[in-house]
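Trainee: heads up, no residue letters with this:
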Ligand SMILES: Nc1ncnc2c1ncn2[C@@H]1O[C@H](COP(=O)(O)OP(=O)(O)OP(=O)(O)O)[C@@H](O)[C@H]1O
Ligand SMILES: O=C(O)c1ccc[n+]([C@@H]2O[C@H](COP(=O)([O-])O)[C@@H](O)[C@H]2O)c1
(Lines give C-alpha, C1' and ligand atoms only; values in the text may rest on other atoms or scores of the structure.)
(Ligands and ions follow the chains in the order given, each with its own letter.)
Protein backbone atom coordinates (compact mmCIF):
# COMPACT_ATOMS: atom_id res chain seq x y z
CA UNK A 1 0.00 0.00 0.00
CA UNK A 2 1.27 3.48 -0.86
CA UNK A 3 1.88 5.48 2.29
CA UNK A 4 2.02 9.25 1.95
CA UNK A 5 4.47 11.41 3.86
CA UNK A 6 1.58 13.62 4.88
CA UNK A 7 -1.59 11.62 5.55
CA UNK A 8 -4.85 13.55 5.79
CA UNK A 9 -5.76 14.69 9.29
CA UNK A 10 -8.97 16.58 10.02
CA UNK A 11 -8.61 19.94 11.79
CA UNK A 12 -8.99 19.61 15.55
CA UNK A 13 -7.83 15.99 15.72
CA UNK A 14 -5.57 14.89 18.55
CA UNK A 15 -2.55 12.82 17.52
CA UNK A 16 -0.06 11.25 19.92
CA UNK A 17 3.50 10.86 18.66
CA UNK A 18 5.56 8.02 20.14
CA UNK A 19 9.09 8.49 18.83
CA UNK A 20 11.41 5.54 19.14
CA UNK A 21 14.17 3.39 17.81
CA UNK A 22 11.89 0.31 17.95
CA UNK A 23 15.00 -1.83 17.56
CA UNK A 24 13.07 -4.11 17.99
CA UNK A 25 9.51 -3.06 18.90
CA UNK A 26 8.09 -4.96 21.89
CA UNK A 27 5.11 -5.39 24.25
CA UNK A 28 6.17 -2.36 26.30
CA UNK A 29 5.56 -0.13 23.25
CA UNK A 30 2.20 -1.80 22.62
CA UNK A 31 1.11 -1.42 26.23
CA UNK A 32 1.99 2.30 26.55
CA UNK A 33 0.35 3.03 23.19
CA UNK A 34 -2.94 1.47 24.27
CA UNK A 35 -2.76 3.26 27.62
CA UNK A 36 -1.96 6.64 26.00
CA UNK A 37 -4.80 6.35 23.47
CA UNK A 38 -7.27 5.69 26.24
CA UNK A 39 -6.03 7.90 29.06
CA UNK A 40 -5.25 10.93 26.88
CA UNK A 41 -8.33 10.39 24.70
CA UNK A 42 -6.32 10.54 21.46
CA UNK A 43 -7.89 10.21 18.00
CA UNK A 44 -4.70 8.69 16.56
CA UNK A 45 -1.26 7.64 17.65
CA UNK A 46 1.78 7.51 15.38
CA UNK A 47 4.88 5.48 16.06
CA UNK A 48 7.64 7.69 14.67
CA UNK A 49 10.35 5.20 13.82
CA UNK A 50 13.53 7.28 14.07
CA UNK A 51 16.28 7.07 11.42
CA UNK A 52 18.59 7.04 14.48
CA UNK A 53 18.41 8.49 17.99
CA UNK A 54 20.84 11.45 17.98
CA UNK A 55 22.04 10.47 21.49
CA UNK A 56 22.73 6.81 20.70
CA UNK A 57 26.09 5.83 19.28
CA UNK A 58 25.23 2.57 17.55
CA UNK A 59 22.99 2.78 14.48
CA UNK A 60 19.77 0.74 14.68
CA UNK A 61 18.62 -1.99 12.28
CA UNK A 62 17.37 -0.78 8.91
CA UNK A 63 14.27 1.39 8.80
CA UNK A 64 12.47 -1.18 6.61
CA UNK A 65 13.07 -3.97 9.11
CA UNK A 66 11.97 -1.94 12.13
CA UNK A 67 8.89 -0.61 10.36
CA UNK A 68 7.86 -4.10 9.30
CA UNK A 69 8.33 -5.51 12.80
CA UNK A 70 6.36 -2.58 14.23
CA UNK A 71 3.45 -3.23 11.85
CA UNK A 72 3.46 -6.88 12.87
CA UNK A 73 3.31 -6.25 16.61
CA UNK A 74 1.08 -3.16 16.75
CA UNK A 75 -2.20 -3.84 15.06
CA UNK A 76 -4.68 -1.19 16.15
CA UNK A 77 -7.05 0.90 14.02
CA UNK A 78 -5.88 4.16 15.60
CA UNK A 79 -2.15 3.48 15.39
CA UNK A 80 -0.04 4.34 12.33
CA UNK A 81 3.56 3.20 11.96
CA UNK A 82 5.41 6.10 10.35
CA UNK A 83 8.81 6.62 8.74
CA UNK A 84 8.06 10.33 8.34
CA UNK A 85 11.30 11.44 10.01
CA UNK A 86 13.31 9.66 7.30
CA UNK A 87 11.16 11.29 4.63
CA UNK A 88 11.42 14.73 6.20
CA UNK A 89 15.14 14.31 6.82
CA UNK A 90 14.69 15.22 10.50
CA UNK A 91 16.42 13.54 13.42
CA UNK A 92 15.87 15.86 16.32
CA UNK A 93 12.42 15.78 17.87
CA UNK A 94 12.15 19.58 18.00
CA UNK A 95 12.82 19.69 14.24
CA UNK A 96 10.23 17.00 13.52
CA UNK A 97 7.62 18.77 15.62
CA UNK A 98 8.29 22.07 13.86
CA UNK A 99 7.72 20.40 10.48
CA UNK A 100 4.56 18.59 11.59
CA UNK A 101 3.03 21.64 13.22
CA UNK A 102 3.71 23.69 10.10
CA UNK A 103 2.03 21.08 7.89
CA UNK A 104 -0.89 20.54 10.27
CA UNK A 105 -1.47 23.87 12.04
CA UNK A 106 -4.89 22.80 13.33
CA UNK A 107 -3.99 19.36 14.64
CA UNK A 108 -3.17 18.90 18.33
CA UNK A 109 -0.01 16.83 18.57
CA UNK A 110 1.02 15.27 21.88
CA UNK A 111 4.60 14.08 22.38
CA UNK A 112 4.66 10.72 24.18
CA UNK A 113 7.57 9.03 25.91
CA UNK A 114 8.51 6.58 28.61
CA UNK A 115 9.74 7.81 32.00
CA UNK A 116 13.36 6.96 31.12
CA UNK A 117 13.31 9.64 28.43
CA UNK A 118 11.93 12.27 30.81
CA UNK A 119 14.89 11.58 33.09
CA UNK A 120 17.30 12.64 30.31
CA UNK A 121 15.05 15.04 28.49
CA UNK A 122 17.16 18.11 29.39
CA UNK A 123 19.89 16.71 27.11
CA UNK A 124 17.69 16.78 24.03
CA UNK A 125 18.18 19.53 21.47
CA UNK A 126 15.81 22.46 22.12
CA UNK A 127 14.03 20.49 24.84
CA UNK A 128 12.37 23.60 26.26
CA UNK A 129 10.93 24.42 22.84
CA UNK A 130 9.36 20.95 22.77
CA UNK A 131 7.71 21.42 26.17
CA UNK A 132 6.68 24.95 25.32
CA UNK A 133 5.05 24.01 22.02
CA UNK A 134 3.30 20.64 22.47
CA UNK A 135 1.67 18.84 25.41
CA UNK A 136 3.82 15.95 26.64
CA UNK A 137 2.52 12.64 28.01
CA UNK A 138 4.93 10.52 30.06
CA UNK A 139 4.27 6.83 30.70
CA UNK A 140 5.70 5.00 33.71
CA UNK A 141 8.52 2.56 33.04
CA UNK A 142 9.92 -0.02 35.48
CA UNK A 143 12.76 1.45 37.54
CA UNK A 144 12.41 4.94 36.10
CA UNK A 145 9.54 6.54 37.95
CA UNK A 146 11.62 8.24 40.64
CA UNK A 147 14.48 9.44 38.42
CA UNK A 148 11.95 10.87 35.97
CA UNK A 149 10.07 12.81 38.63
CA UNK A 150 13.30 14.24 40.04
CA UNK A 151 14.76 15.08 36.63
CA UNK A 152 15.72 18.65 35.67
CA UNK A 153 12.91 18.89 33.09
CA UNK A 154 10.27 17.66 35.58
CA UNK A 155 11.47 20.08 38.25
CA UNK A 156 11.76 23.12 35.98
CA UNK A 157 8.29 22.49 34.51
CA UNK A 158 6.68 21.20 37.72
CA UNK A 159 4.02 23.91 37.82
CA UNK A 160 2.78 22.89 34.37
CA UNK A 161 2.06 19.31 35.35
CA UNK A 162 -1.52 18.14 34.92
CA UNK A 163 -2.63 15.53 37.51
CA UNK A 164 -3.10 12.02 36.11
CA UNK A 165 -6.76 12.14 37.15
CA UNK A 166 -7.21 14.96 34.57
CA UNK A 167 -5.25 13.25 31.78
CA UNK A 168 -8.14 13.72 29.31
CA UNK A 169 -7.39 17.46 29.37
CA UNK A 170 -3.77 17.13 28.22
CA UNK A 171 -4.18 17.09 24.43
CA UNK A 172 -6.13 20.35 24.38
CA UNK A 173 -4.36 22.07 27.23
CA UNK A 174 -2.51 25.33 26.76
CA UNK A 175 1.25 24.66 26.61
CA UNK A 176 3.43 24.07 28.49
CA UNK A 177 1.53 21.09 29.87
CA UNK A 178 2.65 17.60 30.74
CA UNK A 179 1.17 14.63 32.50
CA UNK A 180 2.77 11.58 34.13
CA UNK A 181 0.70 8.41 33.94
CA UNK A 182 1.25 5.51 36.29
CA UNK A 183 0.08 2.89 33.80
CA UNK A 184 0.49 -0.85 34.47
CA UNK A 185 4.14 -1.47 33.63
CA UNK A 186 5.70 -4.03 31.35
CA UNK A 187 9.35 -4.80 31.95
CA UNK A 188 10.37 -5.15 28.30
CA UNK A 189 13.25 -3.39 26.58
CA UNK A 190 14.85 -3.55 23.15
CA UNK A 191 18.32 -3.72 24.72
CA UNK A 192 17.29 -6.84 26.63
CA UNK A 193 15.84 -8.48 23.51
CA UNK A 194 19.01 -7.69 21.50
CA UNK A 195 21.16 -9.13 24.32
CA UNK A 196 19.15 -12.35 24.24
CA UNK A 197 19.76 -12.55 20.51
CA UNK A 198 16.04 -12.16 19.82
CA UNK A 199 16.59 -9.65 17.00
CA UNK A 200 19.56 -10.86 15.03
CA UNK A 201 19.40 -11.02 11.22
N1 LIG B 1 8.59 -1.09 28.81
C2 LIG B 1 8.37 0.20 28.58
N3 LIG B 1 7.59 0.93 29.42
C4 LIG B 1 7.37 2.26 29.20
N5 LIG B 1 7.88 2.95 28.16
C6 LIG B 1 8.66 2.29 27.30
C7 LIG B 1 8.94 0.89 27.45
N8 LIG B 1 9.73 0.50 26.43
C9 LIG B 1 9.95 1.59 25.68
N10 LIG B 1 9.32 2.68 26.18
C11 LIG B 1 9.30 4.03 25.63
O12 LIG B 1 8.99 3.92 24.24
C13 LIG B 1 9.73 4.87 23.47
C14 LIG B 1 10.57 4.15 22.42
O15 LIG B 1 11.44 3.27 23.11
P16 LIG B 1 12.66 2.50 22.42
O17 LIG B 1 12.31 2.17 21.03
O18 LIG B 1 13.93 3.22 22.69
O19 LIG B 1 12.65 1.14 23.25
P20 LIG B 1 13.64 0.74 24.42
O21 LIG B 1 13.18 -0.58 24.91
O22 LIG B 1 13.77 1.86 25.40
O23 LIG B 1 15.00 0.59 23.59
P24 LIG B 1 16.51 0.51 24.06
O25 LIG B 1 16.58 -0.54 25.13
O26 LIG B 1 17.23 0.17 22.80
O27 LIG B 1 16.85 1.90 24.58
C28 LIG B 1 10.60 5.65 24.48
O29 LIG B 1 9.93 6.84 24.82
C30 LIG B 1 10.66 4.70 25.68
O31 LIG B 1 10.81 5.41 26.90
O1 LIG C 1 15.86 15.54 19.75
C2 LIG C 1 16.70 15.03 20.50
O3 LIG C 1 17.71 15.64 20.90
C4 LIG C 1 16.49 13.60 20.92
C5 LIG C 1 17.37 12.96 21.78
C6 LIG C 1 17.12 11.65 22.16
C7 LIG C 1 16.01 10.99 21.67
N8 LIG C 1 15.17 11.66 20.85
C9 LIG C 1 13.97 10.97 20.32
O10 LIG C 1 13.33 10.27 21.36
C11 LIG C 1 12.65 9.15 20.85
C12 LIG C 1 12.98 7.94 21.68
O13 LIG C 1 14.25 7.46 21.32
P14 LIG C 1 14.67 6.00 21.75
O15 LIG C 1 15.96 5.71 21.02
O16 LIG C 1 14.83 6.07 23.25
O17 LIG C 1 13.58 5.12 21.32
C18 LIG C 1 13.06 9.06 19.38
O19 LIG C 1 12.03 9.63 18.61
C20 LIG C 1 14.31 9.92 19.31
O21 LIG C 1 14.51 10.52 18.06
C22 LIG C 1 15.38 12.92 20.47
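Mentor: Perfect, thanks for sending it. Being a predicted model, the structure only gives us computed values, none of them experimental. Ligands and ions are numbered 1, 2, ... in the order given.
Trainee: residues from the protein in reach of ligand 1?
Mentor: 18, 20-23, 28-29, 32, 113-114, 116-117, 139, 141, 185-186, 188-191 (C-beta under 6 Å from any ligand atom). All C-beta spots, glycine's among them, are computed from the backbone N, C-alpha and C.
Trainee: can we see that at 5 Å?
Mentor: Within the chain, the residues that sit near ligand 1 (C-beta under 5 Å from any ligand atom) are 20-22, 28, 32, 113-114, 116-117, 141, 186, 188-191.
Trainee: so residue 109 belongs to a strand, correct?
Mentor: Yes - under DSSP: H, G, I helix; E, B strand; the rest coil, residue 109 falls within a strand.
Trainee: so that it lines up with my notes, have the first residue be 464 from now on.
Mentor: Happy to do that; since the first residue is 464 now, the last one works out to residue 572.
Trainee: for it, give me its contacts.
Mentor: 478, 479, 480, 560, 563, 564, 597 (C-beta atoms under 8 Å, 6 or more residues apart in numbering).
Trainee: neighbour-wise, which one of those residues leads?
Mentor: Within the contacts of residue 572, most neighbours by other C-beta atoms under 10 Å means residue 479, with 27 neighbours.
Trainee: surely it touches residue 505?
Mentor: Yes - the criterion here is C-beta atoms under 8 Å, and residue 479 meets it with residue 505 at 4.5 Å.
Trainee: helices or strands up against the worst-scoring helix or strand of the chain on mean pLDDT?
Mentor: When the helices and strands of the chain are compared on mean pLDDT, DSSP states H and E, helix 608-612 comes out lowest with a mean of 84. For helix 608-612, the packing partners by 3 or more C-beta pairs under 8 Å, 6 or more residues apart in numbering; DSSP states H and E come out as helix 578-582.
Trainee: great, nothing more from me.
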